[in-house]
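Quick one, what's the 3D model for this:
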Amino acid sequence: MKKETLAFVIVALIVGILLGVLFSRVGDKGPRATSGTATAPPAPAVNYQENIKTLEQIVAREPENRNAWVQLGHNYFDSNRPMEAIEAYSKALELNGKDTDVLVDQGIMFRRVGWFDKAVENFNRALEINPRHQQALFNLGVVYRYDLQDYDKARETWSRYLEINPSGPGSDQIRAEMSFLEAHPTPPAGAPAQ
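Alright, predicted model coming up:
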């Protein structure tokens, strides 16, 4: 297969994935008002298994294809296959260890499998590269608050988040979390990690 054809297939696959994710999330906004006018048909569901199969074939042929590793990780992520996502993101990070979004996504997968120390490490690595990475701050606070029960570090992390994002998406949720933490300065004695 020519390189141009392969590049076109990869770009088309990525665009298809992004459009599928975008349209699937647009449809998750809650109830809609009906006005009697025709509505657009629902977007087709993303077939993660088909995407995964295609991407696995690409990375088998082209192990240095970082974008394919990233997309493979995303498809594993979205199909709730955290161990495979972690491995795919590791391959992508071997090729570019400074990709903050991949570090954060892998950190989320580390959290999902209960490897909280590795999740914290990934979020902190992303913040070393980009101290204003909102998703890294958000998720780091979640791990400190819910998994490690370290309220002081959760407060510190989410305070930084609110300095960067005082009124944007997620800020109201973080303010509610901060209110809880202010009312409960320390976790209850013997409280299990949530």
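
The lowest-mean-pLDDT helix or strand in the chain: what's the following helix or strand?
Each helix and strand of the chain was given a mean pLDDT (mean pLDDT, DSSP states H and E); the minimum falls on helix 3-26 at a mean of 49. Downstream of helix 3-26, the next assigned helix or strand under DSSP states H and E is helix 48-61.

Give me the mean pLDDT for that following helix.
Helix 48-61 comes out with an average pLDDT of 96.

Equivalent analysis for stretch 182-194, please.
Averaging pLDDT along stretch 182-194 gives 70.

Now stretch 166-173: buried residues?
For stretch 166-173, the neighbour count (16 or more other CB atoms under 10 Å) marks Ser171 as buried. Every residue, glycine included, has its C-beta placed from N, CA and C.

So that it lines up with my notes, have the first residue be 33 from now on.
Okay, using 33 as the starting number, the last item reads as stretch 198-205.

Where does pLDDT dip in the protein?
For the chain, the stretches flagged by pLDDT under 70 are 33-77, 220-226.

repeat that with 80
In the predicted model of the chain, residues 33-78, 217-226 satisfy pLDDT under 80.

list the contacts for the residue positioned nearest the centre of it?
Per CA atoms, centre = their mean, the C-alpha nearest to the average position across the chain is that of Asp137, at 3.9 Å. By CB atoms under 8 Å, 6 or more residues apart in numbering, Asp137 lies in contact with 105-106, 109, 117, 121.

Kindly report the same for Ser122.
Counted by CB under 8 Å, 6+ apart, Ser122 has contacts Gln138.

next one: Gln138
105, 117-118, 121-122, 125, 154.

swap the cut-off to 10 Å and go again
105, 109, 114, 117-122, 124-125, 131, 150-151, 154-155, 157-158 (CB atoms under 10 Å, 6 or more residues apart in numbering).

and what of Arg177?
183, 185-187, 189-190, 209-210, 212-213, 219, 226.

Please check those residues and keep the buried ones.
Buried among the contacts of Arg177 by 16+ other CB under 10 Å: 183, 185-187, 189-190, 209-210, 213, 219.

I'd like the residues you listed laid out as TSV, including distance to Asn83.
Formatted as TSV, the buried ones among the contacts of Arg177 follow (distance: CB to CB, whole Å):
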residue	distance to Asn83
Tyr183	40
Lys185	37
Ala186	35
Arg187	40
Thr189	33
Trp190	34
Glu209	34
Met210	38
Leu213	40
Pro219	41
